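1. show me the folded form of this:
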Amino acid sequence: MKPLPTNESRLAPESVIELTVSSEAGSRLDHFLTRQLPHLSRAHLQRAIEAGGIRVNRQTCKSAQKLKQGDTVLVEQLDVPREGPQPQAIPLDILFEDEAIAVVNKPAGMIVHPARGHWDGTLASALAYHFDKLSQTGGPTRPGIVHRLDRDTSGVIVIAKHDQAHETLANQFKSRTIKKEYVALVVGVPDRDSDIVECPIGNHPTQREKKAIRAGHPSSREAITFYEVEERFGRFALIRVEPKTGRTHQVRLHLAHLGCPVLCDRLYGGRAVLTARQIKPDSEDDVVLLERQALHAHRLTLTHPTTHERVDFQAPIPADMTKVLQLLRS
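-> So this is what the prediction gives:
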C-alpha cells in the first residue's frame, strides 16, 4: 500500500489506495478508514465519502455503510472542502420564501451541492450568499439542501432554513407524500396515453456515472414512475411525469426503458445537441436549440413544515425547452 501524504487537503491523483476488509468486517466505513488512515480526521474522510472520492467495490457509498469480509475500499480522491460552500453572488430565481423554507427555480447546468471536481458555482454556494440561515442537517457541504436535481435538469427545488423544517420535509420525501411533477421532451412516442413503469434501479454494471434497471441485484431498489402523454409531434412527444419514488436518474432511465429517452440526454439517449434541422429536415436553420436534457421539474406539492397547509409551487417551462416546443407545434 502506498503511503498517503500528511497534508489532509489533497491526495495526488496517482496515489490511489486500495484496502481489503478482513478482520474488521461489520465496521462502519468511516470507522474502518479512521483506523486504517489515522493521520486523516474522521470528518475529512466523511467529506471525501460524500463527495464520491472513496468507493466500496467500485460503487459510491455512505459513511455508515457496514463493510463485509472481502470488500475492497478504494481511496481515490481526498481533495474535498474542509468547510461548507463559500458564498457566491450567483443570481437565483426565488419562487417563494418565508422563515422556514425557500423554493428556487434551479437553472439547467447548475450542480446542487459541491462534489468532486465541482466546488464552485453550485446551488449551495448561491444559497449561502442569499440566505442568512440554512439547515445543517445535510452536513457541512449541503446547507439547506433536502433533495436534489441532476445538473442539467431545471426546475423547482425546496430549501430548508432550519433543522426542524429539514427533518419535516425529509420525512415527507421518505413517506412519499410530496408530489413531484416533471415535464419532458422525448424522442419517440409511448404506445399508451398513460401508464405506470415499475422497474427496479441499481448500479450500472460497468459505468460508474450511470444507473441501470436490474431486477434482483443487491444494489437495486424499487422505482415507480407514472407518465402521461401531453402532446405528440411525429417522432417526438411532450410527457408529464410523476415519479412515486426518488431514485437517482429515475425519470430519465424509465423513459429510456420505454424506448423514449429524454431529448439530449447524453447518458441515456445518445444525442447531446438538438438543432432546428433535426426537427424539420427541410429547414435551412441549423441553429442549436438545446444542449442539455429536456427535463424540467415543473411542480412540487408539499405540506408546509410550519403551517401544515398543503402548498403548491410551479416553475414555468424554461426558454430552451419552450423554443423546441414552439418549433414542434409549428
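2. tally of neighbours for residue 273?
-> 12 (other CB atoms under 10 Å). C-betas here are computed from N, CA, C, even on glycine.
3. wait, doesn't it sit right on residue 263?
-> No. With contact defined as CB atoms under 8 Å, residue 273 does not reach residue 263; the gap is 10.2 Å.
4. which neighbours do these two share?
-> residue 290 (CB atoms under 8 Å, 6 or more residues apart in numbering).
5. any idea how far the lowest-mean-pLDDT helix or strand in the chain is from the chain center?
-> Sorting the helices and strands of the chain by mean pLDDT, DSSP states H and E puts helix 42-50 at the bottom, at a mean of 80. Distance, stretch centre to chain centre, for helix 42-50: 19 Å (CA atoms, centre = their mean, to the nearest Å).
6. could you do stretch 122-136 as well?
-> 18 Å.
7. quick check: buried residues in it?
-> 122, 123, 124, 125, 126, 127, 128, 130, 131, 134, 135 (16 or more other CB atoms under 10 Å).
8. show me those residues that map onto helices.
-> Of the buried residues of stretch 122-136, the ones assigned to helices by DSSP state H are 123, 124, 125, 126, 127, 128, 130.
9. report pLDDT for the last one.
-> What the model reports for residue 130 is a pLDDT of 95.
10. which residues touch it?
-> Counted by CB under 8 Å, 6+ apart, residue 130 has contacts 92, 94.
11. next: the second one.
-> With contact taken as CB under 8 Å, 6+ apart, residue 124 is in contact with 84, 85, 112, 113, 114, 141, 142, 143, 144, 145.
12. equivalent analysis for the third one, please.
-> Residue 125 makes contact with 85, 86, 87, 88, 90, 114 under the criterion CB under 8 Å, 6+ apart.
13. what about it, distance to residue 250?
-> 26 Å (CB to CB, to the nearest Å).
14. over to residue 222?
-> 10 Å.
15. circling back: if we only consider the buried residues of stretch 122-136, which is nearest to residue 192?
-> residue 123 (35.4 Å; CB to CB).
16. I'd say that closest one and residue 108 touch.
-> No. Using CB under 8 Å, residue 123 is not in contact with residue 108; the gap is 11.9 Å.
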